[in-house]
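# Got a predicted structure plus its sequence, pasted below:
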Amino acid sequence: MIALFTDYGLDGPYIGQIHAVLATRAPGVPVIDLFQNVPSYDIRSAAYLLPAYIAPFPGETIFLCIVDPGVGGARRPVVVTADGRRFVGPDNGLFEMVCRRARRVTVQEVLWRPEALSVSFHGRDLFAPVAAMLARGGLPESRVAEKLASADEAWPEDLAQVIYIDKYGNLVTGYRAQRVPEGTRLMIAGRQVRAARVFSDVPAGEMFWYENSAGLVEIAVNRGSAQALLGLETGAVFSWQEPDRIPELSGNKQ
Amino acid sequence: MIALFTDYGLDGPYIGQIHAVLATRAPGVPVIDLFQNVPSYDIRSAAYLLPAYIAPFPGETIFLCIVDPGVGGARRPVVVTADGRRFVGPDNGLFEMVCRRARRVTVQEVLWRPEALSVSFHGRDLFAPVAAMLARGGLPESRVAEKLASADEAWPEDLAQVIYIDKYGNLVTGYRAQRVPEGTRLMIAGRQVRAARVFSDVPAGEMFWYENSAGLVEIAVNRGSAQALLGLETGAVFSWQEPDRIPELSGNKQ
Amino acid sequence: MIALFTDYGLDGPYIGQIHAVLATRAPGVPVIDLFQNVPSYDIRSAAYLLPAYIAPFPGETIFLCIVDPGVGGARRPVVVTADGRRFVGPDNGLFEMVCRRARRVTVQEVLWRPEALSVSFHGRDLFAPVAAMLARGGLPESRVAEKLASADEAWPEDLAQVIYIDKYGNLVTGYRAQRVPEGTRLMIAGRQVRAARVFSDVPAGEMFWYENSAGLVEIAVNRGSAQALLGLETGAVFSWQEPDRIPELSGNKQ
């Protein structure tokens, strides 16, 4: 199985062209659109989304991951193996959090190049063919890379920011809920937000945060839109109201 | 074949995770994104959309239907069989119109539960595995339910409201066109709208209503957007200009 | 393989119904959503997009192409074969540029009709079944058409307009970049835009144009949105600043 995780957007021509390459080079392999509207160019948000949303996929899945504003520049194409899961994409920070949270990581720099390589669409020309090779049990020409080039130590373990807004207007953050003591309130856009278990536990129209199905802190309004209520976009920051209760917060500052 | 009918939105991570579950648990079964942007949380609109859009699917299709604002609460998971077609989803009204319009209906309450069940994403954790079981010829542990818990007698046979707005800005309503005498005008947002057969029968820029390809009354502008022209959103109501000509209208009031 | 190129929009019910027809009538044939949000009703933009985005597909692909504002009217359904590639859709100009740029073109008017044909959704009822027949090696009842009915000689070889805006806000134009001397500047919305090779060659926030991965002139902002910066929509025109350097421009005027 190949799962796509990109900022290309489903509607336009990019994903279809990648599907064409995969269907041609790895016929019969199921290809799943996991997440195709990661915030555009936003490597950091993508890096915190990726480990949260790969859970339901079987271990042998190849994750084809492309948020690649530096395409055509110097960043390396890599195959990352993290606790047995394989990821293909640019070495630009995208795999940082997947790797930090894994116990065993290996990184291969991909040396293989296609005969025709556009300057701006390595997703189609380079990364998709590599994913197809892996899915068929092959391995592109590559060499062991000591580590990811881009490990940016300034990124916190958890990110107290909105990193995705879904169709409901729910604000998905880069903070793992398991790291927050039960019942802690958060502050965003000058408003206090209480914790709840799930939508149906609060009255319609009320805002709350909860541990979403990917394990992340998510701010929502029951039968409403937190985005519309707060007027926020991706990148908005929040804080914990009782930061002393959150052990790791001191190391999580931006 | 499994067809998905949800309010999750295609772009985000929800549909991809469901596809991952289905591909793992029912490998080789075709899965089709039938309708993934039903108005958010809007069970009633979804209930009127569902019977209209299932027509081209073969009888053995499993319809995995999720508009589930009460997820994590008390509503039951069900498998509904209506005139031989099978539907999986929450018992919250979503299947009301499918059942009312069918001659033979059976309802099974699903008792099976997965080992890991999130509080907010039963689509992935509960309903998708159930659909996969059915698609493979199995049946999850369940018991016969006398009837749908949620039959709300106040819902009319046809709904004189906009229940979906498509990419063209066409306003899809919950009213079956076959119930309206030919040529009847409708009123919406203070404007009279005449009937036409199809887009190419009216001048560019002109508004009309017609029987859409799903059998529903739809308000459109040839080569334009009825949504932009009228400034309406889902939920907008309309009336028939000659209600005495419409036999069932007295029973259809909201 | 069947590739879909339409203005239906992915989210709504139209594409799903087409997939249902294809899965039923051509089971096992891969179906790819190539481009599902071509500007609504905009045959001309679609005509210039189509030849640019078919490149990565194998030669035996059936392209099911539907931008069909005249559905239900007199335009003919056709199967076009252009340099061995086959296209199914309405004869309304949509295939004009594919045919002009091909060396060998044959056009078949489709005479076959389904038992049930809606007036407004020939994509589902007529074109999809025809594509399925072709994909299975069959041929619907048809007759040779001398030429496309709609060849509009007023359309230029290249179109100096924005014909699509992608998720990043990049402005895709109908102009093939290979026809423009290297380094030529363009003017749009009163601003001069310089050429660059790729995003990573210009500073963040800077606007440029480049040859996109489909060979078209595309106006972009590195890590930003050209659409937001310029406030433009599809249909916006541009000009070349040094038109004397562009051999074909005299013949390209609108």
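Here it is on my side, so go on. Residues are numbered from 1 along each chain as shown, chains lettered A, B, ... in the order given.
# Off-centre distance for stretch A:140-157?
Its chain's average C-alpha position is 16 Å from that of stretch A:140-157, according to Cα atoms, centre = their mean, to the nearest Å.
# ok, residues contacting that stretch?
For stretch A:140-157, the surrounding residues in contact (Cβ atoms under 8 Å, 6 or more residues apart in numbering or on different chains) are A:44, A:47, A:75-76, A:78-80, A:91-93, A:95-97, A:99-100, A:106-112, A:129-130, A:133-134, A:179, A:248, A:251-254. In short, each C-beta sits where N, CA and C put it, glycine included.
# now, which of those residues lie within strands?
Among the contacts of stretch A:140-157, the members found in strands (DSSP state E) are A:78, A:79, A:80, A:106, A:107, A:108, A:109, A:110.
# Just send those back as TSV, with distance to residue A:122 and pLDDT too.
What follows is these, written out as TSV (distance: Cβ to Cβ, whole Å; pLDDT from 0 to 100):
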residue	distance to residue A:122	pLDDT
A:78	12	97
A:79	14	97
A:80	16	97
A:106	22	95
A:107	17	96
A:108	16	96
A:109	14	97
A:110	10	97
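# how about the CA coordinates for whichever strand or helix holds residue A:208, as PDB?
For residue A:208, the element it lies in under DSSP states H and E is strand A:207-211. Output of strand A:207-211 as PDB, limited to C-alpha atoms (Å, rounded to 0.1, in the frame of the first residue of the first chain):
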ATOM      1  CA  MET A 207     -16.300  25.500  22.300                       C
ATOM      2  CA  PHE A 208     -14.000  22.900  23.900                       C
ATOM      3  CA  TRP A 209     -10.800  21.100  23.300                       C
ATOM      4  CA  TYR A 210     -10.400  17.300  23.200                       C
ATOM      5  CA  GLU A 211      -8.000  14.600  22.300                       C
END
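# Is that strand in proximity to chain B?
Yes: Strand A:207-211 is in contact with chain B by Cβ under 8 Å from any Cβ of the partner chain, via residue A:210.
# near chain C, which residues of chain A show up?
Residues of chain A lying near chain C (Cβ under 8 Å from any Cβ): A:7-17, A:19-21, A:23-24, A:27, A:37, A:40-41, A:69-73, A:118-121, A:124-125.
# List buried residues within the contacts of stretch A:140-157.
Neighbour-count burial (16 or more other Cβ atoms under 10 Å in any protein chain shown) is assigned, among the contacts of stretch A:140-157, to A:44, A:47, A:75-76, A:78-80, A:91-93, A:95-97, A:99, A:107-110, A:129-130, A:133-134, A:252.
# quick revisit: check which helices and strands the strand holding residue A:208 sits against.
In terms of contacts (3 or more Cβ pairs under 8 Å, 6 or more residues apart in numbering or on different chains; DSSP states H and E), strand A:207-211 is packed against strand A:191-193, strand A:216-221, helix A:226-230.
# what is the rounded mean pLDDT of it?
The pLDDT scores in strand A:207-211 average 97.
# got a list of contacts for it?
Strand A:207-211 is touched from outside by A:177-178, A:186, A:191, A:193-199, A:201-202, A:217-222, A:224, A:226, A:229-230, B:119-120, with contacts defined as Cβ under 8 Å, 6+ apart.
# What are the boundaries of the helices in the stretch 1-150 of chain A?
Remark: helices assigned in the stretch 1-150 of chain A by DSSP state H, counting those that start in this stretch are A:13-25, A:43-53, A:96-100, A:122, A:128-135.
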